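Asker: sequence first, predicted model second:
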Amino acid sequence: MLVVALGGALGAVARYWLSASIGARWSKPFPLATFVINVTGSFIIGFLLTSMSQRMAIHPHWRLLIAVGFIGAYTTFSTFEYETLKLIEEGNLMSAVLNVTLSVVVGFIAVWLGSVAARRLFIPQELALNLQNIVSGPSWSGPSRSGPKTGAED
């Protein structure tokens, strides 16, 4: 439990810092800070969970600290929902639709890119060579020069 709490504290501070930094520079109605936080969190979780399942032997406490604690506190679905509701209530329907569409599509792309990056970084070289052979097929130079066996050679 303490590792989840520690990860959550770190994730909450990171979220607050990034949100304040973006908020100080962004004054448009679109909730850019929440969007950036959720997309980067999607990339991070895609990268970390794929890394952990592909190659990295990681203690379960670290997985809890990062995936449940940090990412759980860093990303924010409820804030995304609330900000979308506020956009609708304020008459910014296009911004609300854009927020939902971009958050889902770009978030999915981010988690996929994180997963791809982890696989490319952590996939064992020998497995990569084996996969290449499977995709391209074994080398084959045609029939042997001696021709097929007919059974009469014995």
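Answerer: Happy to help now that I have it. Residues are numbered from 1 along each chain as shown.
Asker: what average pLDDT does the helix ranked longest in the chain get?
Answerer: Scanning the chain for the helix with the most residues, using DSSP state H, yields helix 93-122. Average pLDDT, helix 93-122: 94.
Asker: swap in stretch 2-9?
Answerer: Mean pLDDT, computed over stretch 2-9, is 93.
Asker: where do the strands sit along this protein?
Answerer: Under the criterion DSSP state E, the chain carries no strands.
Asker: where does the prediction get shaky in it?
Answerer: 54-57, 123-154 (pLDDT under 70).
Asker: can you give me the helices for it?
Answerer: With DSSP H as the criterion, the chain has helices spanning 2-23, 32-54, 60-63, 71-74, 77-89, 93-122, 125-136.
Asker: now those helices in a markdown table, with mean neighbour count?
Answerer: The way it works is simple: take the backbone N, C-alpha and C, and place the C-beta from them, glycine included. Output for those, formatted as a markdown table (neighbours: other CB atoms under 10 Å):
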| stretch | mean neighbour count |
| --- | --- |
| helix 2-23 | 16 |
| helix 32-54 | 20 |
| helix 60-63 | 13 |
| helix 71-74 | 21 |
| helix 77-89 | 14 |
| helix 93-122 | 16 |
| helix 125-136 | 10 |
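Asker: quick check, Met52 in contact with Leu64.
Answerer: No - at 11.3 Å, Met52 does not count as touching Leu64 under the criterion of CB atoms under 8 Å.
Asker: quick one, what contacts Leu64?
Answerer: For Leu64, the contacting residues are 3-4, 7, by CB atoms under 8 Å, 6 or more residues apart in numbering.
Asker: go on, Ile71?
Answerer: 7, 11, 41, 44-45, 48.
Asker: can you do 6 Å?
Answerer: 41, 45 (CB atoms under 6 Å, 6 or more residues apart in numbering).
Asker: equivalent analysis for the one 5 residues further on, please.
Answerer: When the contact criterion is CB under 6 Å, 6+ apart, Thr76 has no partners at all.
Asker: rewinding a little: rebuild the contacts of Leu64 as CSV, extending it with distance to Pro29.
Answerer: Listed next are these as CSV, based on distance: CB to CB, whole Å:
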residue, distance to Pro29
Val3, 38
Val4, 35
Gly7, 32
